[in-house]
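Engineer: give the three-dimensional model of this entry:
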Amino acid sequence: MTPAIEAELTLLKTEDGGRAVPLRLEPGSPFYMPHLVIGDPKRTSPSGTLLGVAFRRAPLNLAPGDTATVRMDLMYHPEVDYRELTPGATFTVREGPKIVGHGRVLKREDSGAL
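Structural biologist: Numbers count the residues shown, from 1 in each chain. The predicted model follows:
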């Protein structure tokens with residue numbers, strides 16, 4: 001099974017450089033597959049190791065500036081080293097070089113059963 005994490009995620013407000021449109025994770029919507037970069041969520045440089053994730057589809061409509069609990073599959077495991085994504089780890093969410101949010105890992109499930 002693919003490992004997964006549960007995290008508290010905050011999208012940046014549009015005026016702070018975040019997304020212009022809400023993030024929709026409803027069933028039937030396209031997958032959302034950004035990159036996470038481990039480290040201080042206040043860091044604004046685009047440097048760091050990019051970790052590809054796939055957000056699980058769920059009935060969620062997250063507007064810029066909002067916070068929610070989300071589940072993400074660590075989709076490139078075992079080829080990519082995700083060991084730093086443990087409870088308490090903080091990260092930024094990237095769409096290409098653009099930082100659109102930040103979060104904190106709440107749980108990790110290495111069987112993908114979250």
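Engineer: what lines up beside the longest strand along the chain in the sheet?
Structural biologist: When the chain is parsed with DSSP state E, its longest strand is strand 98-109. In its sheet, strand 98-109 lies beside strand 4-11 (antiparallel), strand 90-95 (antiparallel), with partners assigned from DSSP bridges.
Engineer: ok, how many other residues are close to the closest residue to Ala58 other than its chain neighbours?
Structural biologist: Closest residue to Ala58 apart from its sequence neighbours, by CB to CB, 6 or more residues apart in numbering: Leu25 at 5.1 Å. Bear in mind the C-beta positions are built from the backbone N, C-alpha and C, glycine included. By the criterion of other CB atoms under 10 Å, Leu25 has 20 neighbours.
Engineer: show me what contacts Leu25?
Structural biologist: 32, 55-62, 70 (CB atoms under 8 Å, 6 or more residues apart in numbering).
Engineer: how close does it get to Gly96?
Structural biologist: Going from Leu25 to Gly96 by CB to CB, to the nearest Å gives 20 Å.
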